[in-house]
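Undergrad: just the structure for this:
(one chain, ligands or ions: 1)
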Amino acid sequence: MPIKIYIDGKYYEKQDAKISVFDHGLLYGDGVFEGIRAYNGKIFKCEEHIRRLYDSAKAIWLTVPISEDEMAVAMYATLEVNKLKDAYIRLVVTRGKGDLGLDPRKCPKATVIIIADSITLYPEEFYQKGLEVVTAASPRIAPESLSPRIKSLNYLNNILAKIEGIQAGCIEVIMLNHLGYVAECSGDNIFLVRDSQISTPPPEAGILEGITRNTVMDLARNAKYPLVERNLGRYDVYTADEIFLTGTAAEVIPVVKADGRRIGDGKPGKVTRDLRKRFLKLVGRD
Ligand code: PMP
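TA: Residues are numbered from 1 along each chain as shown. Down below sits the predicted model:
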């Protein structure tokens, strides 16, 4: 079915959904975005995603031209227009049209884009067998330079790491931070399990604080798993019993090989499978 795309309050057919080449989102990656899912007509963690979007916008001095409530209404309306119940929603707010210089003051109004499309799930095989990952040579950008907590349109750091992963035959890749600690993956957060204790890097390690990450942390706490946020090194990765990743698209996905080393017994672990099950139950996909 052809999809209709929201741009600044109006809907356009896919082929007509265009923005200016003078938009600073294109010229400079000056903007912010969110990736969100709807399950059975309900937007998952809608408030949390909207809050993160507006926080990202605030952090880059960008005023979103509509309110948080209006954004939620517009997202639901976009699902409705496209008759979608299970969907992937992309919210994009760019700095808007300006001139060829960097100065954001030349961009009087931000552009708001909402794309809702059917979700392409990762092949079931990845969940059954687990992923192989490698560590990227390019570290995550230092938080002092550009905080990874801002979900900005500048994703080259992640894309370059992803390319390193692809070259090694992997669809995801571990990114270390500027200090050499494990940060996250190119589009997912990372968790390690050792002796049934779960650990994950803290937000200060220079990560995007994933909404799925926070949800899975709540599920783990409710299930009484010991859980810590702490700095982790590659040693911790290689000696983990289990590794799993979390993200809006991937949900909870096991990792069974890292940098050529087998993780645990090379199969998706017990804690990972349990947390995946709990997550699927939460979103109504069990
Ligand atoms: N880290 C990065 C760099 C991401 O881009 C994402 C989202 N794709 C995540 C982690 C996971 O965040 P969320 O659970 O909110 O999708």
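
Undergrad: residues from the stretch 51-200 of the chain in reach of the ligand?
TA: 158, 184, 187, 188, 189 (C-beta under 6 Å from any ligand atom). Placement of C-beta: from N, CA and C, glycine included.

Undergrad: want to throw those into JSON lines with pLDDT, distance to residue 145 and secondary structure?
TA: Converted to JSON lines, these look like this (pLDDT from 0 to 100; distance: C-beta to C-beta, whole Å; DSSP: H, G, I helix; E, B strand; the rest coil):
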{"residue": "158", "pLDDT": "98", "distance to residue 145": "14", "secondary structure": "helix"}
{"residue": "184", "pLDDT": "98", "distance to residue 145": "16", "secondary structure": "strand"}
{"residue": "187", "pLDDT": "97", "distance to residue 145": "20", "secondary structure": "coil"}
{"residue": "188", "pLDDT": "98", "distance to residue 145": "22", "secondary structure": "coil"}
{"residue": "189", "pLDDT": "98", "distance to residue 145": "20", "secondary structure": "strand"}
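
Undergrad: now which of those residues would you call buried?
TA: 158, 184, 187, 188, 189 (16 or more other C-beta atoms under 10 Å).

Undergrad: hmm, back to that, just the residues of the stretch 51-200 of the chain next to the ligand now: which is nearest residue 285?
TA: Nearest to residue 285 among these: residue 188, at 17.9 Å, using C-beta to C-beta.

Undergrad: list the contacts for that closest one?
TA: Residue 188 sits next to 172, 210, 245, 246, 247, 250, 253 when contact means C-beta atoms under 8 Å, 6 or more residues apart in numbering.

Undergrad: what's the next secondary structure element after the helix or strand where residue 254 lies?
TA: Using DSSP states H and E, residue 254 maps to strand 251-258. Next helix or strand after strand 251-258 toward the C-terminus (DSSP H and E): strand 261-262.

Undergrad: now that following strand: mean pLDDT?
TA: Average pLDDT, strand 261-262: 98.

Undergrad: neighbouring strands for it, and are they parallel or not?
TA: strand 251-258 (antiparallel) (DSSP bridges).

Undergrad: what's next to the strand it pairs with, contact-wise?
TA: Here strand 251-258 has contacts from 122, 126-127, 129-135, 172, 174, 188, 190, 212, 216, 237-238, 242-247, 262-264, 266-269, 272-273, 275-276, 279-280, 283, using C-beta under 8 Å, 6+ apart.

Undergrad: residue 277 touches residue 285, doesn't it?
TA: No. Applying C-beta atoms under 8 Å, one finds residue 277 not in contact with residue 285, separated by 10.2 Å.

Undergrad: on that earlier part again, would the strand holding residue 254 count as contacting the ligand?
TA: No. Counting by C-beta under 6 Å from any ligand atom, the ligand is not contacted by strand 251-258; separation bottoms out at 8.9 Å.

Undergrad: hey, C-alpha coordinates of that strand in CSV?
TA: Extracted C-alpha coordinates of strand 251-258, given in CSV (Å, rounded to 0.1, in the frame of the first residue of the first chain):
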residue,chain,number,x,y,z
GLU,A,251,13.8,-5.7,20.5
VAL,A,252,16.0,-8.2,22.4
ILE,A,253,18.5,-10.1,20.2
PRO,A,254,21.2,-12.6,21.3
VAL,A,255,24.9,-12.3,20.4
VAL,A,256,26.8,-15.6,20.3
LYS,A,257,30.2,-14.6,18.9
ALA,A,258,32.3,-11.4,19.4
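
Undergrad: quick check: mean pLDDT of it?
TA: 98.

Undergrad: now do that strand: distance to the chain's middle.
TA: 16 Å (C-alpha atoms, centre = their mean, to the nearest Å).

Undergrad: again with stretch 247-263
TA: The answer for stretch 247-263 is 15 Å, by C-alpha atoms, centre = their mean.

Undergrad: and stretch 149-166, by the same measure?
TA: The answer for stretch 149-166 is 11 Å, by C-alpha atoms, centre = their mean.

Undergrad: then stretch 119-131?
TA: 17 Å.

Undergrad: can you give me the end-to-end span of it?
TA: 20 Å (C-alpha to C-alpha, to the nearest Å).

Undergrad: and stretch 227-235, by the same measure?
TA: 18 Å.

Undergrad: follow-up on the earlier one: TSV for the buried ones among the residues of the stretch 51-200 of the chain next to the ligand, including distance to residue 27?
TA: Below are those laid out as TSV (distance: C-beta to C-beta, whole Å):
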residue	distance to residue 27
158	20
184	27
187	24
188	29
189	30
